[in-house]
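K.L.:
Based on what follows, work out the 3D shape:
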Amino acid sequence: MGRSYYNQRGRSSYKTVSSKRSTGCFTKSGTTVRNPRAYAASKKTAYTKYGNKIHNPAKYAAAVQRNSIANAASAAAMRNPKAKAFTYTVSLPGQKKYVGMTTNPSQRMGAHVNGTGAKCINEGLTAVTFTPHSSVAAAKKKETATYFQQKKKMGGDLVRGAGHTKQFPI
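P.N.:
Now for the predicted structure:
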């Protein structure tokens with residue numbers, strides 16, 4: 001079984017990394033737009049944080065999320081160079097979660113975003129959290145434990161991963 005990497009104070013020096021949940025869309029007054037699709041349907045104009053007009057808020061928000069997830073994946077690997085593997089929890093629309101394990105966060109998130117990852121993720125990813133581990137065995141063990149913990153907390157219809165990847169019910 002792999003051991004965690006600890007610093008001189010006895011604390012784990014691994015750092016958990018999360019993506020941001022922002023849509024990147026704002027009102028003219030600077031308030032965050034939480035639902036870009038509905039905001040656009042109301043015929044109001046959305047803006048970037050720099051004040052530029054956004055012509056398609058839903059498409060812009062999806063691009064912001066993809067970039068945030070890609071940045072989190074890169075940061076997880078860069079901030080934890082001694083980590084051999086990572087577990088990750090993906091938040092999906094409808095309060096759904098997917099729990100996974102990888103040795104290459106950037107490549108794995110790219111697969112999920114491009115649709116070549118787990119088949120149960122057929123919707124947009126809204127956020128991801130990476131947790132580093134000192135070995136692949138430790139990551140697999142944590143992936144399974146996290147899956148069952150989330151399943152107990154949220155119910156079996158809202159959580160997938162750790163080998164349990166059938167499609168979510170419609």
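K.L.:
what sits against Ala72?
P.N.:
When contacts are counted by CB atoms under 8 Å, 6 or more residues apart in numbering, Ala72 touches Val17, Ser18, Ser19, Pro105, Met109, Val128, Thr129, Phe130. (Glycine included, C-beta is placed from N, CA and C.)
K.L.:
Which residues does the second one form beta bridges with?
P.N.:
This points to Ser18. Beta-bridge pairing of Ser18 under DSSP bridges involves Thr129.
K.L.:
list the buried ones in the one helix or strand Gln149 maps to?
P.N.:
Element membership for Gln149, per DSSP states H and E: helix 136-154. Buried residues in helix 136-154, counted by 16 or more other CB atoms under 10 Å: Ala138, Ala139, Lys140, Lys141, Lys142, Glu143, Thr144, Thr146, Tyr147, Gln150, Lys151.
K.L.:
what helices or strands is that helix leaning on?
P.N.:
Contacting helix 136-154 under the criterion 3 or more CB pairs under 8 Å, 6 or more residues apart in numbering; DSSP states H and E are the following elements: strand 85-92, strand 96-102, strand 127-133, strand 159-161.
K.L.:
Only alpha carbons, please: show the first one as CSV.
P.N.:
Same thing as strand 85-92. Extracted in CSV, the C-alpha atoms of strand 85-92 (Å, rounded to 0.1, in the frame of the first residue of the first chain):
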residue,chain,number,x,y,z
ALA,A,85,-2.1,9.1,-9.4
PHE,A,86,-5.2,11.2,-8.7
THR,A,87,-8.8,10.6,-7.8
TYR,A,88,-11.2,13.1,-9.2
THR,A,89,-14.9,14.0,-8.6
VAL,A,90,-16.8,15.6,-11.5
SER,A,91,-19.9,17.5,-10.9
LEU,A,92,-22.5,17.2,-13.6
